[in-house]
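Student: Provide a 3D model corresponding to the input given below.
(one chain, ligands or ions: 1)
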Amino acid sequence: MPVTPSAPARILIVRLSALGDLVFCTSLLDGLRRAFPDAHIAWLAQSGFAGVLRDDPRLDELITISKDTLKSPAALWRLRRELRARRFDWVIDAQGLAKSRVLAWLAGGTRRVGFRSKEPLAFLLHEQFDKGGDPADIASEYRYLAERLTGAPAAAPRLPVAAAAAARVAEAMAARRLASGFLALCPFTTRPQKHWPDEHWPALARRLVTTGLGPCVVFGGPADREHAQRLVAQMPAGSLNLAGQTALPDLAAWLSQARAVVGVDTGLTHIGIAVHTPTIALFGSTCPYTQGAESPLRVIYDGLPCAPCKRRPTCNGAFTCMRQLTPERVADAVTDLLGRVR
Ligand code: SF4
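Tutor: Residues are numbered from 1 along each chain as shown. Presented below is the predicted three-dimensional model:
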């Protein structure tokens, strides 16, 4: 049953990583901001991911820590002092891990809540909430948590585009002759089974180049630069490698300018949805969301009998779930979603 909360004056969200989860967790931020417009809302996140939230007007404060902070008792003690000085009323562990529970506990708070999970140290929280919601709905667990905490309906994840970021990206697009539009490709993620085969990306770009939707631009992190270059080298002339060249605070602005985003199960794809760019998401070994609220979204997922295997593939590296999503199918999804005829 929804509850009518007494308004907290100061709230801390603890969600350290990763990029896509930070994006999904903006549903919680949005719900809290709507329910408590005058509250001071802070977010504790790990540097390397936090930048995506830097210019979010719903946040009053972004507190960043490094991975090393978690390994150093002295650094944790300093962090405890700094967090407790902020006198948070609510501290929300939106990660559900032992480390996030420790950080929530270090922050104090008169109401310390978090996700119920198999992780230890649940006793550090005052209350736990199930990961509820409908898995078919994007970010549903964060929306559910927001609804439990505020008693009001929560929205899908959304990333606002800051004016300064939009101006930087407009200038960068003009310099790269992208001002008349482009298609964003997001091939990079963590586990091998979440990737689309390398040869499919250039094949997709060759099909899409005939649509008039603009050149294909590959996005990724600094570690993806060389891999992206290998893919772009096989794509039609005019395709571009921007992996490692887009700052985290500018990612929302970049992807908001794309005519469409095509990506695997990765943070950049989730950003495409959060800025309401038409997005085609390729899923195989992980549980797909199929509804992106008001965002134009097409999920391509075949639901093989072995799926979702998540971290335990049983196909000896065949990764059929992703391989059988052919470039033709994906190109058709792009043109269909955008109402274009190839
Ligand atoms: S086991 Fe099945 S779902 Fe998992 S990676 Fe292989 S083909 Fe995909």
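
Student: Just the helices from the stretch 151-300 of the chain, written as ranges.
Tutor: 163-175, 200-208, 225-233, 251-257, 267-274 (DSSP state H, counting those that start in this stretch).

Student: These: which one's closest to the ligand?
Tutor: helix 200-208 (14.7 Å; C-beta to the nearest ligand atom). The way it works is simple: take the backbone N, C-alpha and C, and place the C-beta from them, glycine included.

Student: Spell out which residues of the stretch 101-250 of the chain are next to the ligand.
Tutor: Within the stretch 101-250 of the chain, the residues that sit near the ligand (C-beta under 6 Å from any ligand atom) are Gln193.

Student: quick one: low-confidence parts of this protein?
Tutor: Where the chain drops to pLDDT under 70, the residues are 1-5, 340-342.

Student: how does it divide up, domain by domain?
Tutor: 10-150, 164-338 (automatic domain parsing).

Student: Using JSON lines, lay out these together with mean neighbour count and distance to Pro157.
Tutor: Below are those laid out as JSON lines (neighbours: other C-beta atoms under 10 Å; distance: least, C-beta to C-beta, whole Å):
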{"stretch": "domain 10-150", "mean neighbour count": "19", "distance to Pro157": "5"}
{"stretch": "domain 164-338", "mean neighbour count": "19", "distance to Pro157": "5"}
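
Student: wait, doesn't Asp336 sit right on Ile300?
Tutor: No - contact criterion C-beta atoms under 8 Å: Asp336 and Ile300 do not qualify, at 11.1 Å.

Student: Which neighbours do these two have in common?
Tutor: Shared contacts of Asp336 and Ile300 (C-beta atoms under 8 Å, 6 or more residues apart in numbering): none.

Student: how far away is the nearest residue to Pro249 once chain neighbours are set aside from Glu141?
Tutor: Nearest non-adjacent residue to Pro249, counting by C-beta to C-beta, 6 or more residues apart in numbering: Arg54, 4.5 Å away. Look at Arg54 and Glu141: by C-beta to C-beta, to the nearest Å, they are 24 Å apart.

Student: do Arg323 as well
Tutor: Relative to Glu141, and taking C-beta to C-beta, Arg323 is found at 30 Å.

Student: how near is Ala293 to Gly133?
Tutor: With C-beta to C-beta as the criterion, Ala293 and Gly133 are 12 Å apart.

Student: Give me the common contacts of the two.
Tutor: Shared contacts of Ala293 and Gly133 (C-beta under 8 Å, 6+ apart): none.

Student: What residues does Asp30 make contact with?
Tutor: 58, 146, 154-155, 157-158.

Student: so how far is the helix or strand harbouring Gln128 off the chain centroid?
Tutor: Assigned by DSSP states H and E, Gln128 falls within strand 127-129. Distance of strand 127-129 from its chain centroid, counting by C-alpha atoms, centre = their mean, to the nearest Å, is 24 Å.

Student: which other residues reach that strand?
Tutor: 111-116, 122, 144-145, 148.

Student: Strand partners (parallel or antiparallel) of it?
Tutor: strand 111-115 (parallel) (DSSP bridges).

Student: Can you name the residues in contact with the strand it pairs with?
Tutor: Residues contacting strand 111-115 (C-beta under 8 Å, 6+ apart): 8, 14, 89-96, 100-101, 104-105, 122, 124-131, 141, 145, 149.

Student: if we go to 10 Å?
Tutor: With contacts defined as C-beta atoms under 10 Å, 6 or more residues apart in numbering, strand 111-115 is touched by 5-6, 8, 11-12, 14, 88-97, 100-101, 104-105, 121-122, 124-132, 141-142, 144-145, 148-149.

Student: For Arg10, name its beta-bridge partners.
Tutor: His40.

Student: hang on, isn't it packed against Leu32?
Tutor: No - distance between Arg10 and Leu32: 11.4 Å, which falls outside the contact criterion (C-beta atoms under 10 Å).
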